[in-house]
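S.K.: need a 3D model of the sequence below.
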Amino acid sequence: MTDTNDHLAEVAAFRDGFDADTTPRMASMRATVLKGTAMQTTTRRTSYRLAALALPVAAAVAIGVGVVVADDDDDKNPTGEQKQTQTSDLATMAAGDVLALAANNVDKYASYDAADGAFVYRRTTGQVLDDDAGALVDYTADRWYQVDHGMRVVVQHSTVDGEEDPKGTFDLRQDEGYDLPFDEADAGLWSPSEAWLAALPTESAALLTVLLEQSTAYVHAEYQDTGWYDGREELFVADMSMVVLANASAIMTSETRAAFFGMLSTMDEVTRVDGMVEDGLGREGVAFALTVTFPGADGADAPYTREIILDPNTSAILGTRQSDGGSVVELMAFEDEVVAEIGD
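M.R.: A predicted model of the protein is given here:
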């Protein structure tokens, strides 16, 4: 593969901090439709494919069956009791029931407290595909998300196969313009702020309506030349809602997280993976997938599947798994903590 630094710079402009795991392959495909402005560049060692979950990619989505979760809070959990379900039952539970269980257990997830710090520190552990060796190799990343700046990744240190990855290591504090304040007018699924998330409806049908309304102009502006998302706003919302749950749960209220789980259960684009899935640390959860196709280098459609791995008994997103043409190219596990300073 060729070096994709210029492409990744454009990708970084689109997703700001959320593209911390951008794969060069995905970046080069998408860069032709992204209109870059000068922001951070999170380049990667080109012999490795890293996660694409943090970026929307698209053309057409593989349609699955969605199961509706009741929007009324009393219907979701009439007793207010948090529920525990055995792994053997989770393995066969219907998609909507899993998401309803997660919605019932959102209070078990420790969300962000401003008194504890201004950053969310994430330790990512897992494996990525080494294209040269044709095998998965170990991957780690330490990154600090800035809460008051749309959850952008400010600092990242990563290793691949036990060696420091210089292209996966950066510090935005050295960049000109780092201290510019975040404009809440720029907030959205593409750059979620705490205030924006707190203002969202906590009823899932209303949440979908608002997200579609907010995303339409953005999608049209970014994708009108390709049609990938233009006119397919629901695909964009499904895609980016999975990203928000994976990367910004720490700054979401319990009610908002429950609404996102309920909304995803109504969307055909999001389907349940059979059985139980292990994250990059071997923890078992239930995976929900979104499969997209986009033009490959040879002009043929290239399917790509991203999954979030959910523990419905705690409502936590344990990690992610990515597959390319049916083969796993990345498996990750997340461990998050709110900290006062970068480096803590």
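
S.K.: and the gap between residue 222 and residue 142?
M.R.: According to Cβ to Cβ, to the nearest Å, residue 222 stands 30 Å off from residue 142. The C-beta positions use only the backbone N, C-alpha and C, and glycine is treated the same way.

S.K.: tell me which of those two has more neighbours.
M.R.: residue 222 (20 against 15; other Cβ atoms under 10 Å).

S.K.: hang on, that one in a helix?
M.R.: Yes: secondary structure assignment (DSSP: H, G, I helix; E, B strand; the rest coil) places residue 222 inside a helix.

S.K.: list the buried residues in stretch 126-137.
M.R.: 126, 127, 128, 129, 130, 136 (16 or more other Cβ atoms under 10 Å).

S.K.: with stretch 101-110 instead?
M.R.: In stretch 101-110, counting by 16+ other Cβ under 10 Å, buried: 101, 102, 103, 104, 105, 106, 108, 109.

S.K.: which other helices and strands does whichever strand or helix holds residue 208 contact?
M.R.: Element membership of residue 208, judged by DSSP states H and E, is helix 204-223. Secondary-structure packing of helix 204-223 (3 or more Cβ pairs under 8 Å, 6 or more residues apart in numbering; DSSP states H and E): helix 233-248, helix 254-264.

S.K.: format the buried residues of stretch 101-110 as CSV; extra columns: secondary structure, distance to residue 180 and pLDDT.
M.R.: What follows is these, written out as CSV (DSSP: H, G, I helix; E, B strand; the rest coil; distance: Cβ to Cβ, whole Å; pLDDT from 0 to 100):
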residue, secondary structure, distance to residue 180, pLDDT
101, helix, 42, 94
102, helix, 37, 95
103, helix, 37, 94
104, helix, 41, 94
105, coil, 39, 95
106, helix, 34, 94
108, helix, 37, 93
109, coil, 32, 91
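
S.K.: so residue 266 touches residue 203, yeah?
M.R.: No: taking Cβ atoms under 8 Å as the definition, residue 266 is not a contact partner of residue 203, at 11.8 Å.

S.K.: in strands, which of the buried residues of stretch 126-137 fall?
M.R.: With strands taken from DSSP state E, the overlap with these comprises 126, 127, 128, 129, 130, 136.

S.K.: flag every buried residue along the helix or strand containing residue 197.
M.R.: Residue 197 belongs to helix 194-198 when assigned by DSSP H and E. For helix 194-198, the neighbour count (16+ other Cβ under 10 Å) marks 194, 196, 197 as buried.

S.K.: quick one: residues contacting the nearest residue to the last one once chain neighbours are set aside.
M.R.: Put plainly, it is residue 197. Spatial nearest neighbour of residue 197, excluding adjacent residues (Cβ to Cβ, 6 or more residues apart in numbering): residue 252 at 5.2 Å. Each residue near residue 252 by Cβ atoms under 8 Å, 6 or more residues apart in numbering is listed here: 111, 197, 244, 260.
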